[in-house]
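# Can you look at this prediction? I've put the sequence above it.
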Amino acid sequence: MRKYMSKRQRPCDFCRSRKTACRIELAPPCRLCHQHGRECTFVESAQPRKKQQTSQLNTEGIFKENEAAFLERPSVQSDRSLEDMDLEQNLPSPTTSTVFPDMTMQFLQDFDMDGSGFQFMFQTPNHKPPSTTSEATDGSWNRIYPLLDGHENLHLETLGLSGDMDPYLLQRYQTDEHGTFKFKQLAIRSVNDNPPVQFLISQQSLFTHSRREAGHLPIPTVDLRRELEKIISHGMGKRLIDLYMRFIAPHYPIFSADSLPDPATSAPGLLAAIYSISSPFAMYDDQLCIDMAYDSPDSKDLAELINTAVASDIHSPTLATVQALFLVVAKSSSNPLVSDASYRWTAMGMLASAAVNIGLHLDPSFWNIPLAQSRARRRLSFLIFALDKWLAAALGRPPHIHKSNWLVDGLAIQDDHSCGLDKMRWTDVMEFSALTSCLASTLERL
């Protein structure tokens with residue numbers, strides 16, 4: 001809180017000229033004069049205030065105009081009006097604000113956005129160098145937005161309206177051309193202006209203490225991948241992924257065609273979940289039907305690896321964490337005679353919570369992210385919604401997810417972008433979407 005300053009304690013000449021607070025501890029010089037090595041003087045007289053023009057006396061009208069300009073502020077994708085530009089220029093910049101002149105802003109340099117750990121935010125779907133625009137063949141200019149998902153070393157966390165970081169205040173910050181504002185070891189990525197949607201971006205290493213505190217020892221990805229390859233070899237894993245794309249992906253298109261799972265690069269927990277749900281289809285592969293007949297991998301080992309990875313990742317879930325949890329819940333039980341309703345329903349609650357953490361409860365249709373990522377997020381968001389409804393109906397439970405707090409409760413025709421399905425299979429997905437909508441309406445009336 002600012003210290004009360006009496007009119008008798010007039011500011012020094014230097015602070016008056018810079019229109020900043022003059023902070024004197026016991027005797028001159030003040031903080032600002034001491035910092036700049038200037039003499040703290042009180043000889044200059046105060047300049048007379050300018051008289052307000054008659055047209056400026058109607059403060060109520062000005063307030064209403066500014067309020068309307070704030071509420072009708074255009075989205076990130078549209079051009080700003082001159083009034084909004086004038087309003088924004090009057091706001092102090094995070095790096096040039098004079099409210100606290102004695103506070104150095106060197107902390108902004110501590111956050112290295114040019115490092116390799118943050119390059120994913122400036123990649124494009126074609127892995128081109130950082131850019132915000134590209135020239136189309138017809139001479140027009142199309143926006144290329146940086147990726148939001150796709151880097152496992154960073155954690156994305158959506159910022160809600162009632163949290164300690166208000167999206168309506170954060171949208172007044174001056175961001176770079178990628179919609180990113182950085183500070184210390186964190187960054188805020190704005191993906192939409194109306195309504196404001198921002199993500200807090202942090203490094204996974206920041207959650208090491210919370211993992212240890214919860215008894216979840218952080219395991220390096222290299223070690224998890226090595227353990228996974230002891231269970232499923234690299235070649236066998238590629239064949240299991242092919243079986244997944246053949247039998248499971250048409251029902252659960254949670255991946256984009258330009259970011260398919262890869263045994264060499266995908267998260268080990270996600271790969272283990274894919275291998276686990278694809279193993280029952282090994283009989284349809286010419287080589288796996290023989291290899292797994294004589295040396296079948298132990299499903300217990302895969303389950304332990306999945307649980308280890310998810311327990312550590314749940315402190316800072318990524319899109320791969322949510323995809324792995326989805327496959328765990330969707331996987332059918334190996335023993336249909338024994339009910340595992342408690343475990344499956346608990347896992348569904350964890351899936352819904354992790355999905356909300358990374359913003360899957362929101363509709364990304366108009367976000368400034370690549371189209372393929374936007375459609376992939378919509379498909380995954382709907383499939384989580386559908387899985388919750390069908391599981392609730394089968395187990396006799398109230399759903400975890402409700403339409404009031406989950407914006408993607410159905411799919412559109414254009415959501416097939418980069419899904420890798422042909423027209424006939426996508427039609428089946430659309431019919432499943434319509435059937436799920438009927439089930440959701442029925443559950444709401446129970």
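Okay, I see it.
# What are the boundaries of the strands in the chain?
In order along the chain, the chain carries the following strands (DSSP state E): 133-135, 141-143, 154-158, 180-183, 186-193, 196-203.
# Format these as CSV; extra columns: mean neighbour count.
Bear in mind the C-beta positions are built from the backbone N, C-alpha and C, glycine included. Shown next, in CSV, are those (neighbours: other C-beta atoms under 10 Å):
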stretch, mean neighbour count
strand 133-135, 10
strand 141-143, 10
strand 154-158, 19
strand 180-183, 18
strand 186-193, 20
strand 196-203, 20
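# And these: which comes nearest residue 331?
The closest approach between residue 331 and any of the strands of the chain, judged by C-beta to C-beta, belongs to strand 154-158 at 25.8 Å.
# Can I get the closest one in CSV, CA atoms only?
Taking Å, rounded to 0.1, in the frame of the first residue of the first chain, the C-alpha atoms of strand 154-158 are listed here in CSV:
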residue,chain,number,x,y,z
LEU,A,154,6.5,-27.4,-20.8
HIS,A,155,3.3,-27.3,-18.8
LEU,A,156,0.2,-25.4,-20.0
GLU,A,157,-2.3,-24.4,-17.4
THR,A,158,-5.5,-22.6,-18.3
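# just to revisit the earlier point, would JSON lines of the strands of the chain with distance to residue 370 and mean pLDDT be doable?
Output for the strands of the chain, formatted as JSON lines (distance: least, C-beta to C-beta, whole Å; pLDDT from 0 to 100):
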{"stretch": "strand 133-135", "distance to residue 370": "12", "mean pLDDT": "35"}
{"stretch": "strand 141-143", "distance to residue 370": "10", "mean pLDDT": "40"}
{"stretch": "strand 154-158", "distance to residue 370": "15", "mean pLDDT": "88"}
{"stretch": "strand 180-183", "distance to residue 370": "16", "mean pLDDT": "84"}
{"stretch": "strand 186-193", "distance to residue 370": "11", "mean pLDDT": "89"}
{"stretch": "strand 196-203", "distance to residue 370": "15", "mean pLDDT": "90"}
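# how near is the one residue sitting closest to the centre of the chain to residue 240?
The chain has residue 156 as the residue nearest its centroid, 3.9 Å off, counting by C-alpha atoms, centre = their mean. Going from residue 156 to residue 240 by C-beta to C-beta, to the nearest Å gives 28 Å.
# for residue 203, same thing?
On the measure of C-beta to C-beta, residue 203 and residue 240 end up 32 Å apart.
# Could you do residue 255 as well?
From residue 255 to residue 240 the distance is 14 Å (C-beta to C-beta).
# Near the residue lying closest to residue 384 once chain neighbours are set aside, how many residues? Count them for me, please.
Distances taken as C-beta to C-beta, 6 or more residues apart in numbering place residue 355 nearest to residue 384, at 5.3 Å, with adjacent residues excluded. Neighbour count of residue 355, defined by other C-beta atoms under 10 Å: 25.
# Would you agree residue 355 is in contact with residue 322?
Yes. If you go by C-beta atoms under 8 Å, residue 355 and residue 322 touch, sitting 5.2 Å apart.
# can you list residues touching both of those two?
Listed as contacting both residue 355 and residue 322 by C-beta atoms under 8 Å, 6 or more residues apart in numbering are 380, 384.
# In contact with residue 291, which residues are there?
Here residue 291 is in contact with residue 236 (criterion: C-beta under 8 Å, 6+ apart).
# Could you tell me how far it is located from residue 201?
Distance from residue 291 to residue 201, by C-beta to C-beta: 42 Å.
# repeat for residue 39
Taken as C-beta to C-beta, the span from residue 39 to residue 201 is 45 Å.
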